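Participant: Fold the following.
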Amino acid sequence: MIEILITDAAGQPREWTDMYEAVNYHCRGKVLFAAGDVIKTFRGGHNDKGEQSKVDVHSILYCSGPLVGEKWMDRTTTYTEREILYGRDQNMCAYCGRQLQHHKLSIDHVLPKSRYKEFGKTKSGMNVWTNCVTACKTCNLRKGDRTPEEANMPLLYVPYTPNAFEKMILKGKNVLADQMEFLMARVPKTSRLWSDDRYKDLRN
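Facilitator: This is a model prediction of the structure:
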């Protein structure tokens with residue numbers, strides 16, 4: 001299914017939607033301007049001059065708020081965004097380096113949840129992006145209730161908070177070429193996405 005990228009007026013990505021919801025954005029007067037290729041043209045009725053109405057749905061729509069995806073995009077926690085975390089870490093265990101299918105992976109808390117008080121941390125930091133990594137189930141079990149240093153299992157990569165553009169790439173199901181170019185141009189060069197060969201043509 002083709003997805004349309006919805007951004008706010010400033011170009012911050014907010015959600016993926018289907019073509020029919022994109023038409024609704026047009027009909028409600030929420031589309032400020034469009035970018036990218038025309039994906040489909042929808043034609044409606046005729047006015048008293050015999051002119052037929054039409055809506056060109058582009059791959060990227062800049063819309064006025066409030067927008068559906070705002071709350072999701074502004075989240076600072078990651079535990080419920082398992083698929084995005086796996087994508088950020090490229091399905092690689094942070095401890096042994098194996099790349100595995102999703103069902104063979106788990107989420108590890110670098111600083112274990114049960115140790116937060118001991119380290120003077122608050123519970124609000126348990127599930128943030130910088131404390132969560134992808135781990136195979138074997139390594140997660142082996143590490144247990146210890147820090148990487150205590151378990152002698154150093155992290156192979158540093159967890160980080162993906163920006164809105166990287167999150168949108170990782171959330172998309174079938175990202176079109178012009179959408180990918182728009183999003184990747186705004187992904188920091190420190191992102192692990194740039195090491196992925198799928199995006200090599202977008203490197204500069």
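Participant: Tell me the confidence at the residue nearest in space to the middle of the chain?
Facilitator: In the chain, the centroid-proximal residue (C-alpha atoms, centre = their mean) is residue 167; its distance is 1.9 Å. The per-residue pLDDT reported for residue 167 equals 91.
Participant: domain ranges for the protein?
Facilitator: 1-73+167-193, 77-143 (automatic domain parsing).
Participant: so which of those domains gets nearest residue 158?
Facilitator: domain 77-143 (8.3 Å; C-beta to C-beta). Where C-beta positions appear, they are placed from N, C-alpha and C, glycine not excepted.
Participant: next one: the closest one to chain centre, how far?
Facilitator: 17 Å (C-alpha atoms, centre = their mean, to the nearest Å).
Participant: What's the first helix or strand after the lengthiest strand in the chain?
Facilitator: In terms of residue count, the longest strand belonging to the chain (DSSP state E) is strand 31-46. Sequence-wise, the next helix or strand downstream of strand 31-46 (DSSP states H and E) is strand 52-63.
Participant: And the contacts of the helix or strand containing the residue nearest to the centre of the chain?
Facilitator: Element membership for residue 167, per DSSP H and E: helix 164-171. Here helix 164-171 makes contact (C-beta atoms under 8 Å, 6 or more residues apart in numbering) with 5, 12-13, 16, 73, 81, 83-84, 87-88, 162, 175, 180, 183-184, 186-188, 191, 193.
Participant: Would you mind listing which of those residues are buried?
Facilitator: Among the contacts of helix 164-171, those classed as buried by 16 or more other C-beta atoms under 10 Å are 5, 12-13, 16, 73, 81, 84, 87-88, 162, 175, 180, 183-184, 187, 191, 193.
Participant: can I assume residue 161 is in contact with residue 132?
Facilitator: No - if you go by C-beta atoms under 8 Å, residue 161 and residue 132 don't touch, sitting 10.3 Å apart.
Participant: Check the offset of stretch 9-21 from the chain's centre.
Facilitator: The answer for stretch 9-21 is 13 Å, by C-alpha atoms, centre = their mean.
Participant: Please work out the average pLDDT along that stretch.
Facilitator: pLDDT averaged over stretch 9-21 gives 92.
Participant: List the buried residues for that stretch?
Facilitator: Result for stretch 9-21 [16+ other C-beta under 10 Å]: buried residues 12-17.
Participant: Filter the residues you listed down to just the ones in strands.
Facilitator: Those of the buried residues of stretch 9-21 lying in strands (DSSP E): 13-17.
Participant: how about the helices in the chain?
Facilitator: 19-27, 70-73, 82-88, 137-143, 164-171, 177-184 (DSSP state H).
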